[in-house]
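1. have a look at this fold, sequence not included:
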């Protein structure tokens, strides 16, 4: 694989006044350097097609295939996963003589991020859209709804199904019944403890006997921990906003447990200011007994610390449950020849042996269960298998936007004002009624 293209060494040739404005805007943004796009080697593509097209036999195959990745997946020597991905891309180029995979690194989110750059490029320079792009759950949903990615229905790629794929993969790949992306990696909510143990807390009540702090991200804007506890208690969320309702008994149960943790002194007061899984894990490293964190944070931390253990979060009745999210390969090109090669690249990067080795090195979960066959037999693999077997996909952005503030407000009422859980739950339910 050739060196990753750098905006400073790859000048952008203007294609009309829209492209010039687009270049000026991206150069002025904090992520402008990462946002500059390479000059396409073929004619400018038309608007993204809603479906795969049949390649024309007389068309010449492209010499460059564009791949957009988030910064955390940079394919270079800066990380163990980066080395493996760089080698895999180079092998794809070797199998396709004359083809160069042009890798562009984008911000994870925000200005210059993958979602924003897809939209801007589709408007100003559609010929510079990526052929393949790695998108997280939120970005894939947004890109699909805005028709920025091409559906994979009718391609040689199959919709993920068990037992080869994890349970969350099918839900992640289908948006409104359309196959829009092939999942390759995931992450989930787990419980991390500072001392390796032979037994992990299984029931909610198991935590009440702890003598040191538990750190929980109660300030998370998506309220994933609170939503997970509500669902574990038997609560349900609507599939869409046409029916906005909550289960008062399930919410009462989860809030009562939170109050018990607070009363017993197990729940750290700092939890009210912790906004992410990674932040909770970072505070745990300064003291305390456990934290609700992400699998990826735990997998990364265990490389430098040997005193951590991970398990699925405890639940009311000891059932296995966690919320999981993931990343998918998606296709944004409308050119038939490029689509054919893009699908080949997606399949190449989804090979179970490569995916197994890469996800272990990257510190994430593979979307394919068979990829775990290439992981070593240890506690981390056992945890990963449990996460993939029990993981339920995060709710959609619209559901999170609607319900997260309600859950957060209820938790604040119980922890800070010691409000009765049933009253806090009733207030949450009533706040959603028209």
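-> Sure, I can see it. Predicted model only: the values in this text are computed from it and were never measured.

2. Three-state assignment for residue 255, please.
-> Under DSSP: H, G, I helix; E, B strand; the rest coil, residue 255 falls in the helix class.

3. now do the one 4 residues further on
-> State at residue 259, reduced to three classes by three-state DSSP: helix.

4. once you drop chain neighbours, what's closest to it?
-> Nearest residue to residue 259 in three dimensions, chain neighbours excluded: residue 414, at 5.0 Å (Cβ to Cβ, 6 or more residues apart in numbering). To be clear about C-beta, it is placed using only N, CA and C from the backbone, and glycine gets the same treatment.

5. in the one helix or strand that neighbour maps to, what counts as buried?
-> Element membership for residue 414 (DSSP states H and E) is helix 397-417. If you call a residue buried by 16 or more other Cβ atoms under 10 Å, then helix 397-417 has these buried ones: 399-400, 402-404, 406-408, 410-411, 413-415.

6. that one: what's the following helix or strand?
-> helix 421-431.

7. what is that following helix packed up against?
-> Contacts defined by 3 or more Cβ pairs under 8 Å, 6 or more residues apart in numbering; DSSP states H and E place helix 421-431 against helix 248-263, helix 397-417.

8. now do the buried residues in it.
-> 421, 424, 425, 428, 429.

9. distance between that helix and the chain's centre?
-> On the basis of Cα atoms, centre = their mean, to the nearest Å, helix 421-431 sits 31 Å off its chain's mean C-alpha point.

10. of all the buried residues of helix 397-417, which comes closest to residue 111?
-> Closest to residue 111 out of these is residue 400 (21.6 Å), distances taken as Cβ to Cβ.

11. ok, that closest one touching residue 220?
-> No. Using Cβ atoms under 8 Å, residue 400 makes no contact with residue 220, being 10.2 Å away.

12. could the helices and strands packed on helix 421-431 be laid out in JSON lines, adding mean pLDDT?
-> Putting these into JSON lines (pLDDT from 0 to 100) gives the following:
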{"stretch": "helix 248-263", "mean pLDDT": "97"}
{"stretch": "helix 397-417", "mean pLDDT": "95"}
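
13. select, out of those, the one closest to residue 89.
-> Comparing the helices and strands packed on helix 421-431 under Cβ to Cβ, the one sitting nearest is helix 397-417, at 30.4 Å.

14. give me the angle between the closest one and helix 248-263.
-> 50 degrees (axes from the mean of the first three to the mean of the last three Cα atoms, to 10 degrees).

15. please tell me how far residue 124 sits from residue 229.
-> 44 Å (Cβ to Cβ, to the nearest Å).

16. those two: who's more crowded?
-> Between residue 124 and residue 229, residue 229 has the larger neighbour count (other Cβ atoms under 10 Å), namely 29 against 20.

17. picking up where we left off before, how far does the helix holding residue 414 sit from the chain's center?
-> Taking mean C-alpha positions (Cα atoms, centre = their mean), helix 397-417 and its chain are 22 Å apart.

18. and the helices in the stretch 151-300 of the chain?
-> 167-173, 224-232, 248-263, 277-284, 295-301 (DSSP state H, counting those that start in this stretch).

19. pull out the buried positions in the longest one.
-> Burial within helix 248-263, assessed by neighbour count using 16+ other Cβ under 10 Å, is assigned to 250-262.

20. skipping its backbone neighbours, what lies nearest residue 104 in space?
-> Spatial nearest neighbour of residue 104, excluding adjacent residues (Cβ to Cβ, 6+ apart): residue 68 at 5.1 Å.

21. how about the contacts made by that neighbour?
-> Neighbour list for residue 68: 103, 104, 105, 106, 114, 117, 130, 132, 133, 134 [criterion: Cβ atoms under 8 Å, 6 or more residues apart in numbering].

22. rerun that using 10 Å as the cut-off
-> Shown in contact with residue 68 (Cβ atoms under 10 Å, 6 or more residues apart in numbering): 37, 102-106, 114, 117-118, 121, 129-135, 330, 332.

23. for it, helix, strand, or coil?
-> Assignment for residue 68 (three-state DSSP): strand.

24. residue 118 is in contact with residue 104, correct?
-> No. Shown here, residue 104 and residue 118 do not form a contact pair, counting by Cβ atoms under 10 Å, at 11.6 Å.

25. quick check: neighbours shared by these two?
-> Shared contacts of residue 104 and residue 118 (Cβ under 10 Å, 6+ apart): 68, 130, 133.

26. about what we covered before: which residues are in contact with each of residue 400 and residue 220?
-> Common neighbours of residue 400 and residue 220, counting by Cβ under 10 Å, 6+ apart, are 227, 407.

27. so residue 160 makes contact with residue 366?
-> No. Contact status for residue 160 versus residue 366: not in contact, 11.6 Å apart, counting by Cβ under 10 Å.

28. what's the nearest residue to residue 277 if we skip its chain neighbours?
-> Counting by Cβ to Cβ, 6+ apart, the residue nearest residue 277 is residue 294, at 4.0 Å.

29. can you tell me the SS state at the residue nearest the centre of the chain?
-> Centroid-nearest residue in the chain: residue 326, 3.6 Å away (criterion: Cα atoms, centre = their mean). When classified by three-state DSSP, residue 326 comes out as strand.

30. quick check: it touching residue 367?
-> Yes. Applying Cβ under 10 Å, one finds residue 326 in contact with residue 367, separated by 6.0 Å.

31. mutual contacts of the two, please.
-> Joint contacts of residue 326 and residue 367 (Cβ under 10 Å, 6+ apart) are 166, 168, 169, 172, 173, 183, 184, 185, 186.

32. in TSV: those residues, plus pLDDT.
-> Shown next, in TSV, are these (pLDDT from 0 to 100):
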residue	pLDDT
166	96
168	96
169	97
172	97
173	97
183	98
184	98
185	98
186	98
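
33. tell me the most packed of these, by neighbour count.
-> That'd be residue 166 among the shared contacts of residue 326 and residue 367, by other Cβ under 10 Å, with 31 neighbours.

34. so it touches residue 186, yeah?
-> Yes. Residue 166 lies in contact with residue 186 (Cβ under 10 Å); the separation is 6.7 Å.

35. what touches both of those two?
-> Between them, residue 166 and residue 186 share the contacting residues 172, 324, 326, 365, 366, 367, 384, 387, 388, 391, 393, judged by Cβ under 10 Å, 6+ apart.

36. from what I can see residue 201 touches residue 310, true?
-> No. Between residue 201 and residue 310 there is no contact under Cβ under 10 Å: 11.8 Å.

37. those two: who's more crowded?
-> For residue 201 versus residue 310, the count of surrounding residues by other Cβ under 10 Å is larger for residue 310: 26 against 22.

38. any chance of the backbone angles for the more buried one?
-> Here is the backbone geometry of residue 310 (degrees, to the nearest 10): phi -130, psi 150.
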